[in-house]
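>>> heads up, no residue letters with this:
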Ligand SMILES: NC(=O)C1=CN([C@@H]2O[C@H](COP(=O)(O)OP(=O)(O)OC[C@H]3O[C@@H](n4cnc5c(N)ncnc54)[C@H](OP(=O)(O)O)[C@@H]3O)[C@@H](O)[C@H]2O)C=CC1
Ligand SMILES: O=C1CO[C@H](CO)[C@@H](O)[C@@H]1O
């Protein structure tokens, strides 16, 4: 039986903003969710104008306080079922905690907040409200990320000894912030970005990918944060050496000055029985290297159980909606998969049923806190001569 589409509200996203676009495409991807309302801009007049000129009809609000107040008073079915927070980092905490307290589920962009204290408050509020809360670590949404997680956590590579998780970009190698690029301006500003630029912006993705695929946590970190570009107050190059919860070791590293690298997020995991290699710029593939065997490349959509390396495959993984192999999936599909999974939890929440929000399908608020804890520990370590800092 078909169900009504869920109503989604946007916080942020006007005036040529970036990440709102992939989100709103992902929201509409399955026809089971739609954007109906938005507080698009900090300037109330612009917020209303932008909403009136949106590509399809939505209700515009002057600001998110008004949207939360009005929407939370409506009955379920008429109000927004969840909101997506796509503002810069310094405007994540306030709208998110207000939505949570008003009983509106939140799908928030990363990094979760500006600082650790805000992140902890958000975790406490979500626990108290017992409400779905997702964090937009986009790349968990690739089918191959799910597949990689199955391979590593089911022990097919043996015990994890070493992992190298990286996110390399080159777009801040010069003073991009002086060239009228809004996305660069706020990212290098500590008041809007937080205590780390590179680490917070993309190092948190590398950390999340490592934790998701291996199922392991970082327990200790030794970090070296560098600011290569003159005049910046925050790091643009971020390197950490980590201890993992199973005793293994890892590099979690990120750079915004690596000229030529676009969104080079990737991970290599070396276990006692084999190696896994995954790159988000080639998200249809996953490589497995085994001793004394030809290297294997698995392609999404063309993976078969019991092939001499894989055993039985989880039904849930194989049932995940996707298109036939060779019709490439990418960034938008990953975002859509996250929204699709979040939708399930929101529907259960609306019906007063249990929902999982357990981090197995999208990052949750606890993962967001973990990311903030990692960034704080890395900043502390780097400021103290790269000493070991416990998480
Ligand atoms: N998961 C992923 O893959 C990605 C995540 N991100 C994250 O998404 C967030 C947004 O990044 P990005 O899209 O690049 O940033 P943009 O600067 O492109 O967009 C942010 C928008 O939010 C608006 N805004 C600021 N304050 C408010 C407010 N109080 N109410 C309503 N709107 C407001 C901004 O307006 P104005 O410009 O006038 O301030 C701007 O239009 C960041 O947290 C970033 O880390 C970004 C890219 C990819
Ligand atoms: O999270 C992110 C991933 O993609 C972006 C680039 O397209 C980043 O810069 C961003 O903040």
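Nice, I can see it. Nothing here was measured: the structure is a model prediction, and the numbers come from that model. Ligands and ions are numbered 1, 2, ... in the order given.
>>> just checking, residue 290 touches residue 274?
Yes - with contact defined as Cβ atoms under 8 Å, residue 290 reaches residue 274; the gap is 4.4 Å. For glycine as for every other residue, the C-beta is placed from the backbone atoms N, C-alpha and C.
>>> ok, those two, which is more surrounded?
It is residue 274, of residue 290 and residue 274, that has more neighbours when counted by other Cβ atoms under 10 Å, with 18 against 15.
>>> Which pLDDT value belongs to the more buried one?
Looking at residue 274, its pLDDT reads 98.
>>> Point out the residues in the chain that sit beside ligand 2.
By Cβ under 6 Å from any ligand atom, the residues of the chain that approach ligand 2 are 201, 202, 205, 263.
>>> Name the nearest residue to the second one, sequence neighbours excluded.
Put plainly, it is residue 202. Among residues not flanking residue 202 along the chain, residue 167 sits closest, at 4.1 Å (Cβ to Cβ, 6 or more residues apart in numbering).
>>> Quick check: that neighbour is in a strand.
Yes - assessed by DSSP: H, G, I helix; E, B strand; the rest coil, residue 167 belongs to a strand.
>>> How many residues are close by it?
Counted with other Cβ under 10 Å, the neighbours of residue 167 add up to 29.
>>> do residue 80 as well
If you count neighbours by other Cβ under 10 Å, residue 80 ends up with 25.
>>> do residue 4 as well
10.
>>> Find the nearest non-adjacent residue to it, please.
Closest to residue 4 by Cβ to Cβ, 6+ apart is residue 77, at 6.7 Å.
>>> The one you found should be in a helix, yeah?
No - Residue 77 sits outside any helix when classified using three-state DSSP, being coil.
>>> and the residue nearest to the spatial centre of the chain, what pLDDT?
When Cα atoms, centre = their mean is applied to the chain, the residue found nearest the centroid is residue 137 (0.9 Å). Note on residue 137: pLDDT of 98.
>>> Touching, it and residue 110? I think so.
Yes - judged on Cβ under 8 Å, residue 137 makes contact with residue 110 at a distance of 5.8 Å.
>>> got any residues that touch both of these two?
Common contacts of residue 137 and residue 110 (Cβ atoms under 8 Å, 6 or more residues apart in numbering): 204, 205, 208, 363.
>>> can you count the residues close to the third one?
Spelled out, that is residue 208. Residue 208 has 27 neighbouring residues, counting by other Cβ under 10 Å.
>>> on that earlier part again, tell me the pLDDT of the residue nearest to residue 4.
So residue 77 comes in at 96 (pLDDT).
>>> do the same with the one 4 residues further on
We note a pLDDT of 99 for residue 81 in this prediction.
>>> now residue 168
On pLDDT, residue 168 comes in at 99.
>>> Can you tell me, leaving aside adjacent residues, what's nearest to the closest residue to ligand 2 within the stretch 201-350 of the chain?
For the stretch 201-350 of the chain and ligand 2, the shortest gap (Cβ to the nearest ligand atom) falls at residue 201, measuring 4.6 Å. The shortest distance from residue 201 to any non-neighbouring residue, by Cβ to Cβ, 6+ apart, is to residue 187 (5.8 Å).
>>> would you list every one of the strands in the stretch 201-350 of the chain?
All strands of the stretch 201-350 of the chain, identified by DSSP state E, counting those that start in this stretch, fall at 218-226, 237-244, 249-255, 264-271, 275-279, 285-289, 296-299.
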